[in-house]
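A.B. asks: Only the shape, not the letters, is given here:
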């Protein structure tokens with residue numbers, strides 16, 4: 001099917017607010033699972049209709065070339081239907097995303113090593129949105145790459161994500177926390193994190209000189225296992241001059257790490 005401007009002009013009025021929100025989020029994260037999209041956009045459905053509604057919507061968006069099943073493979077193994085497929089923007093979705101995002105990302109190109117990384121960042125966002133809905137905190141901001149990157153001097157700090165949350169303390173006061181987040185997959189033992197730590201220290205020192213009164217975001221390393229978290233904690237403890245900037249937690253429970261600010 002050829003995607004022409006006429007086709008897009010006919011398609012656009014048929015899209016619901018939820019359809020547009022799905023396009024926006026898949027465009028932000030490049031690739032997401034059907035299960036992640038279900039948790040974001042169909043949580044208000046009853047248990048019996050949730051999967052059915054998700055399947056119908058994702059099938060319709062796929063047929064209209066808004067979404068594409070990336071790699072035609074399933075994740076997780078145990079899930080059924082569209083929840084276990086990987087989705088990226090198809091040609092129509094790429095065109096439509098230009099009109100609903102002020103900062104659209106480049107379309108996803110299949111590259112196996114990036115899949116787990118992109119899905120991990122998307123999963124963080126879904127978990128933070130769920131925590132927001134449950135009242136644990138207010139998710140004030142969530143930035144993906146490259147919009148969470150920070151340029152200083154001739155250098156660029158490249159976090160995996162940036163998040164800002166707000167909480168209400170028991171005495172009624174409000175508190176806001178900001179975080180640079182590194183998702184550590186432990187693919188190359190220590191190499192990436194050992195390189196990133198000096199970069200954060202350099203950015204911190206630059207920021208203190210430029211704006212000493214501004215609160216600096218906490219730097220959160222999220223590890224896939226307790227063993228890996230222990231290793232990262234030892235790296236942090238080895239930098240006593242800045243270790244107060246860093247927190248180490250587990251990918252499976254990032255909320256607990258953020259709430260320790």
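C.D. replies: Ah, there it is. On a predicted model such as this, the values are computed, not experimentally measured, just so you know.
A.B. asks: How about residues contacting the longest strand seen in the chain?
C.D. replies: In the chain, assigned by DSSP state E, the strand with the most residues is strand 174-183. Strand 174-183 is contacted by residues 117, 120-121, 124, 140, 148, 157, 159-169, 193, 196, 200, 215, 217-222, 251, 254, 258, 261 when judged by Cβ atoms under 8 Å, 6 or more residues apart in numbering. To be clear about C-beta, it is placed using only N, CA and C from the backbone, and glycine gets the same treatment.
A.B. asks: Please pick the buried ones from those residues.
C.D. replies: Buried by 16 or more other Cβ atoms under 10 Å: 117, 120-121, 124, 148, 157, 159-165, 193, 196, 200, 217-222, 251, 254, 258, out of the contacts of strand 174-183.
A.B. asks: from those residues, which ones fall inside strands?
C.D. replies: Counting by DSSP E, those place 157, 161-165, 218-222 in strands.
A.B. asks: buried residues in stretch 252-261?
C.D. replies: Residues of stretch 252-261 classed as buried by neighbour count (16+ other Cβ under 10 Å): 254-255, 257-258.
A.B. asks: before we move on, the earlier item: can you tell me the strand partners of the longest strand of the chain and which way each runs?
C.D. replies: Sheet pairing of strand 174-183 (DSSP bridges) gives strand 161-168 (antiparallel), strand 218-223 (parallel).
A.B. asks: Could I get those strands in JSON lines, plus columns for distance to residue 6?
C.D. replies: Formatted as JSON lines, those follow (distance: least, Cβ to Cβ, whole Å):
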{"stretch": "strand 161-168", "distance to residue 6": "38"}
{"stretch": "strand 218-223", "distance to residue 6": "46"}
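A.B. asks: Quick one: closest of the ones you listed to residue 96.
C.D. replies: strand 161-168 (24.3 Å; Cβ to Cβ).
A.B. asks: before we move on, back to that, can you list the buried residues in the longest strand of the chain?
C.D. replies: Under 16+ other Cβ under 10 Å, the buried positions of strand 174-183 are 177, 179-183.
A.B. asks: Surely residue 45 is within a helix?
C.D. replies: No: counting by DSSP: H, G, I helix; E, B strand; the rest coil, one finds residue 45 to be coil, located in no helix.
A.B. asks: right, and it touches residue 53 too?
C.D. replies: Yes: checked against Cβ atoms under 8 Å, the pair residue 45 and residue 53 is within contact range at 5.2 Å.
A.B. asks: which element follows the helix or strand of the chain with the lowest mean pLDDT toward the C-terminus?
C.D. replies: Lowest on mean pLDDT, DSSP states H and E among the helices and strands of the chain sits strand 67-74, with a mean of 74. The C-terminal neighbour of strand 67-74 among helices and strands, as given by DSSP states H and E, is strand 85-89.
A.B. asks: That'll do, ta.
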